[in-house]
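> just to be clear, the model below is a prediction. Sequence and coordinates:
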Amino acid sequence: MTLLNRLLLLVFGAGLIPIVPGGIFLFYFQSRAKADISSLQQNVSQMGSLMMEREAQDLSRRFERMWDTDASYVNRASLEKALKNNPEFLYLAFTGADGREVLSGGVPELKRYFGYLDLAGDPQFRKAAASGRAALGRFEMIYDMPVCRLVYPLGGGYYAFAAVNLRDLFEKLRSQRLGATGGLLLSDAEGNALPLSGSFEKFNRAEVRSILKRGQVFEINGRDGPYIGAAATVRGFDLYVLAIEDRAEAFAGVNRITWLMAFFLLSVGTAFYFSALLFSRSLAGPVAALMEGAGRVSAGEFKTQVSEETEFSELAGLLQAFNSMMREVDRYHGIQVEKVFEEKQKLELLVSLIHDAIILCDLRGELLYANAAARSLLSVGDAAPGENEALRRMIAGLVNKKAASKGGVIELEKGGKKKYYRASIQTLSARTQTPAVFMVLRDITLERKMQQMKEDFFHSVAHDLRAPLLTMQGYIKLLEREFPAEAKQAGYVRNVRDSSDRLFKLLENILDISRMEAGQFKPDMTKINAAEFLAASAESFRALFGEKRIELLVETAGAEKGEFTGDSSLLRRVMENLLSNAWKFTPEGGKVTASVKAAGGGLVFTVADSGPGIPADQLETIFEKYKRLKAGEGETGFGLGLAIARKIVELHGGRIWAEAGPGGVFRFTVK
C-alpha cells in the first residue's frame with residue numbers, strides 16, 4: 001500500500017469516528033421507533049377491546065334483566081315488550097332446544113333477511129348451548145347498519161336470538177384511526193369480521209383466522225401490500241379487536257428520518273474523504289520527494305537536491321535538513337573515495353612485492369586479478385582480465401590439478417623445466433558481489449629439490465651403513481656370550497645392541513619407504529580374520545603396557561567373523577606402530593582402546609588413547625616423512641613410522657587418518 005493510500009485511509013478513518021456513534025444511534029432510533037409503533041397499535045387494539053367488552057357485557061345484562069322469572073316469557077307479548085324497550089334490537093326471535101324458530105319479530109326488512117330461523121347448524125348457537133352463556137358474534141353490515149348476532153340461553157330449553165344494531169359503538173370506535181388508512185377490525189373466532197375504521201382492504205374469513213393465529217403482534221402480506229398490527233381479545237367472549245395499518249405508512253416517518261440521517265452521515269463521510277484526499281496529497285508530495293532523494297543517495301548520486309516547496313513548515317524543515325545531509329554525505333563520500341584509492345594503491349604495491357602467485361577469478365575461470373608473480377606464471381604479460389579463452393582454460397587447468405593432487409602440490413612445465421607449486425584455493429562468496437575463486441601458488445621447487453637431495457643422501461647412507469651394521473651386530477652377539485648376564489660389561493653390551501637395533505630399524509624404514517615410493521614393494525595378500533589379527537597385535541604389547549600401568553582394551557564386538565584381504569605382516573606393522581605411539585604418549589594410569597568394526601562395506605580399525613591428543617593443525621603433517629609432533633608434546637622419533645603406515649594402508653586400497661579431540665585417535669580402513 002502506497003503512502004498516499006495509507007494517509008488517506010488514516011485521515012478518512014479518523015473522520016469516520018463520529019459517524020460510527022451516529023450509525024449506532026440511527027440503528028437504535030429505528031428499533032425504538034418500530035417498538036413504539038407496535039406499542040401504539042397494541043394500545044389501540046386494547047382500548048377497542050375494552051369498549052367492545054363493556055358493550056357485550058351490557059347486552060348480556062339486559063337479557064338477564066329483561067324477563068320476569070315468574071312469568072312465561074316465550075310469548076308474543078314478551079317479544080313485543082323486549083323490542084319496544086330495546087330499540088337497538090332490530091330483530092328478536094325465540095327458538096327451541098333444536099334451534100328452530102318458535103316466534104320472531106322486529107324490523108320487517110330484517111325479518112325478510114333472516115326468514116324462517118333455524119340455528120341447528122350455527123356455531124354460535126352450539127357454543128351458547130354448550131356453555132350456557134350468551135354468545136356474541138357474526139358481525140356484518142345489513143342495509144348499511146353494523147349488526148352483530150347474539151344468542152342467549154333463556155332456560156327451559158329456549159333460546160333468544162337477537163340481531164343487535166352496534167351503530168353507537170361503531171361511531172365511538174370509528175374515531176380510532178392509525179394514520180391515513182389504518183384502523184380497527186372487529187372479528188369473532190370464526191373469522192367473521194367487520195371493519196370499524198380505516199380504509200384498508202377487506203379480508204375474508206380465512207385471512208382473518210390466519211391473522212388471529214399469529215398472536216398479539218403480527219405482520220401479514222395483503223393483496224395491496226404488507227400490513228402490521230396487533231390483536232386484543234374481548235374478555236368473556238370469543239371476540240377480537242384488531243388494529244391494522246399499512247406497513248409502509250406506519251414506518252414512513254421512521255424511514256424518512258432514517259434516510260435523512262443516512263444522507264447526513266454520507267455527506268459527512270464524503271466531506272471527510274475529500275478533505276483527507278487533499279490533505280494526503282499535499283503531505284504525500286514532499287514525502288515522495290524525500291523517497292526519490294533517498295533512492296538517488298542509495299544509488300550514489302548526491303548532486304540533485306529535493307524540492308523544498310510544501311505547505312507544512314515541519315516538512316519544509318525536514319527537506320532542508322535532508323538537502324544539507326546530502327551535501328555533507330557528498331563531501332564525505334569524496335574524501336572516502338580518495339582514501340579508498342590510496343589504500344588500493346598501497347595494497348596493489350604490497351601484493352606486487354609478494355613472491356607467491358595470487359590469482360582471483362570468477363567461477364568460470366575468467367581472470368579478475370593477478371599479481372606480477374601470477375602474470376609471470378600464466379605468461380599473460382599486461383593482458384587485461386576477462387574474455388580470454390586461453391587464459392580461462394589455463395586457470396581452470398590449475399584448479400583441476402589442485403583437485404587431483406595429494407597434499408595440494410601441483411607440477412607445472414615452465415621453460416622446459418618442471419616446477420612444483422603448493423596451491424591453496426578458497427571460494428569468496430560476498431553478499432554484495434558475485435562469488436569468486438581466490439588462488440595462491442607458492443613455488444616449492446627448491447624445497448622439493450632439497451628434500452630429494454636429503455632423501456637421496458639418507459638412502460645412500462642407509463645402503464652403505466647396512467653391511468657394516470650387520471657385521472657389527474654379529475660381533476655384538478659374540479660379545480654377549482663372553483660375559484655373564486649379571487656382569488657389568490654385559491649391561492654395556494646390551495646398550496650397544498639396543499642402539500644398533502634402533503639404527504638398523506631406521507635404515508630398514510628408509511629403504512622400505514623408498515621401495516614403496518618406487519613401486520617395488522609387493523604385498524603378500526591373504527585372507528585375514530579381523531578379530532584374531534587385532535587380538536594378536538595387541539597381545540604382544542600387553543606386558544609393555546602393564547609395566548606403565550596403562551589399561552589396554554581390545555574390542556572386537558560385531559567383527560568376530562569379519563575377514564579382509566591383505567598382507568598380515570605389513571598391516572601388523574601399521575597396528576604395532578599405532579599401539580607403540582599410544583604407549584609413548586599415554587601417561588601412567590591411562591587407557592588405550594584398540595577396536596575394529598564393519599563400516600561401508602569394509603572394516604575400520606581404531607586406536608584411541610587418553611593422552612594429550614593431536615593438535616588440529618598437525619593432523620596431516622604427522623603423516624609426512626621426517627615430521628614429528630612439536631617438542632614438548634611427546635617423545636621424539638625419526639618421523640617415519642606414520643609415513644610408512646600410510647604407504648602400507650594405501651597399498652591395500654584403504655585410508656588412514658587422525659582425529660583431533662581429547663586423547664589421540666587413529667583410524668584406518670581395509671576391505
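Nice, I can see it.

> right, and Leu169 touches Asp58 too?
No: taking Cβ atoms under 8 Å as the definition, Leu169 is not a contact partner of Asp58, at 9.7 Å. Just so you know, the C-beta spots here come from the backbone N, C-alpha and C atoms, and that holds for glycine as well.

> so which of those two has more stuff around it?
Leu169 (22 against 10; other Cβ atoms under 10 Å).

> for that one, report the pLDDT, please.
Leu169 is assigned a pLDDT of 81 by the prediction.

> who's the closest spatial neighbour of it, skipping the chain neighbours?
Computed as Cβ to Cβ, 6 or more residues apart in numbering, the closest residue to Leu169 that is not its neighbour in sequence is Glu55, at 4.9 Å.

> after whichever strand or helix holds Phe272, next one along is what?
Secondary structure assignment for Phe272, by DSSP states H and E: helix 252-298. Going down the chain from helix 252-298, the next helix or strand is helix 313-353, by DSSP H and E.

> quick check: angle from that following helix to helix 252-298?
30 degrees (axes from the mean of the first three to the mean of the last three Cα atoms, to 10 degrees).

> which SSE is the residue of the chain most remote from its centre in?
Most distant residue from the mean C-alpha position of the chain: Ala77, 100.6 Å away (Cα atoms, centre = their mean). Per DSSP H and E, Ala77 falls inside helix 76-85.

> what does the average pLDDT come to for that helix?
When pLDDT is averaged over helix 76-85, the result is 85.

> stretch 103-115 now?
For stretch 103-115, mean pLDDT rounds to 88.

> in it, what's buried?
For stretch 103-115, the neighbour count (16 or more other Cβ atoms under 10 Å) marks 104-107, 110-111, 114 as buried.

> try stretch 656-671
Neighbour counts over stretch 656-671 (16+ other Cβ under 10 Å) mark 656, 658, 663-670 as buried.

> equivalent analysis for stretch 361-378, please.
By 16+ other Cβ under 10 Å, the buried positions in stretch 361-378 come out as 361-362, 365-367, 370-371, 373-375, 377-378.

> what's in contact with the strand or helix carrying Glu411?
Using DSSP H and E, Glu411 sits in strand 409-414. Strand 409-414 is contacted from outside by 377, 398, 401-402, 418-423, 441, 444, using Cβ atoms under 8 Å, 6 or more residues apart in numbering.

> same check, this time on stretch 123-143
With Cβ under 8 Å, 6+ apart as the contact definition, stretch 123-143 has outside contacts at 56, 59-60, 63, 90, 95, 97, 99, 109-110, 113, 119, 146-153, 159, 161, 163, 166, 186-190, 192-194, 237-239.

> what about burial for those, which qualify?
Buried members of these, counted by 16+ other Cβ under 10 Å: 56, 59-60, 63, 90, 95, 99, 110, 119, 146-153, 159, 161, 163, 166, 186-189, 192-194, 237-239.

> among the residues you listed, which lie within helices?
56, 59-60, 63, 110 (DSSP state H).

> returning to that earlier point: secondary structure added to the buried residues of stretch 103-115, as a markdown table?
Listed next are these as a markdown table, based on DSSP: H, G, I helix; E, B strand; the rest coil:
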| residue | secondary structure |
| --- | --- |
| Ser104 | strand |
| Gly105 | strand |
| Gly106 | strand |
| Val107 | coil |
| Leu110 | helix |
| Lys111 | helix |
| Phe114 | helix |
